[in-house]
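Engineer: Show me the folded form of this:
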Amino acid sequence: MNLVTLMLALQSFLQSRLSEEGALVPAVYIGDAPGEETARPVLLIRPHKGHSDEEEATARIRLEISSDAPGEAGYADMMNLLERVRVLLLRERTLERRFRLDANWKWSVHRRRSDSRWVARVTTSWTYPQIRQEAAIHE
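Structural biologist: The predicted structure follows:
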């Protein structure tokens with residue numbers, strides 16, 4: 001159980017659940033999009049910060065949602081997707097029986113300077129079990 005496993009679980013969960021809804025389904029990527037233009041919204045999963053102690057590990061994961069659709073349509077797509085993701089994650093709260101979502105939900109919306117598209121950025125906090133020492137330490 002590590003950060004990559006958490007991001008893969010989040011990607012799988014979001015792809016599956018958003019597809020089930022029948023609404024506009026985003027392309028969901030870990031880290032960065034592959035670079036090609038897409039007519040559908042994009043959701044990026046990116047690690048932001050983390051820490052651990054003897055009992056558990058905590059990771060902050062940023063979700064970045066954007067749409068290539070122009071004007072109000074793109075803005076509405078992005079905001080609707082932000083709300084759909086929020087509802088899905090807060091209803092579930094636990095992924096793969098080991099990654100727990102903190103209910104605190106922080107988000108912001110800004111316009112990208114490079115291409116003037118709107119982007120919603122969500123910061124989520126996840127807790128999962130710490131790796132345990134398996135072998136005795138020999139002195």
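Engineer: so the closest residue to E96 other than its chain neighbours, which of the three states?
Structural biologist: Of all residues not flanking E96 in the chain, A9 sits nearest, at 4.9 Å (Cβ to Cβ, 6 or more residues apart in numbering). C-betas here are computed from N, CA, C, even on glycine. Under DSSP: H, G, I helix; E, B strand; the rest coil, A9 falls in the helix class.
Engineer: Burial check on A9, number of neighbours?
Structural biologist: A9 has 17 neighbouring residues, counting by other Cβ atoms under 10 Å.
Engineer: Which helix or strand lies directly C-terminal to the lengthiest helix in the chain?
Structural biologist: Longest helix of the chain, by residue count under DSSP state H: helix 71-92. Going down the chain from helix 71-92, the next helix or strand is strand 94-95, by DSSP states H and E.
Engineer: what lines up beside the following helix or strand past that following strand in the sheet?
Structural biologist: Counting by DSSP H and E, the element after strand 94-95 in chain order, helix or strand, is strand 99-101. Applying DSSP bridges, strand 99-101 is found paired with strand 94-95 (antiparallel), strand 118-129 (antiparallel).
Engineer: could I get those as JSON lines with mean pLDDT and mean neighbour count?
Structural biologist: Formatted as JSON lines, the strands paired with strand 99-101 follow (pLDDT from 0 to 100; neighbours: other Cβ atoms under 10 Å):
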{"stretch": "strand 94-95", "mean pLDDT": "95", "mean neighbour count": "16"}
{"stretch": "strand 118-129", "mean pLDDT": "92", "mean neighbour count": "19"}
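Engineer: To I65, which of these lies closest?
Structural biologist: Evaluated over those, closeness to I65 peaks at strand 118-129, with 4.4 Å, by Cβ to Cβ.
Engineer: what pairs with the closest residue to D102 other than its chain neighbours across the strands?
Structural biologist: Computed as Cβ to Cβ, 6+ apart, the closest residue to D102 that is not its neighbour in sequence is S125, at 4.0 Å. Under DSSP bridges, the beta-bridge partners of S125 are R60.
Engineer: so S125 touches R60, yeah?
Structural biologist: Yes - in this structure, S125 is within contact of R60 by Cβ atoms under 8 Å, at 5.3 Å.
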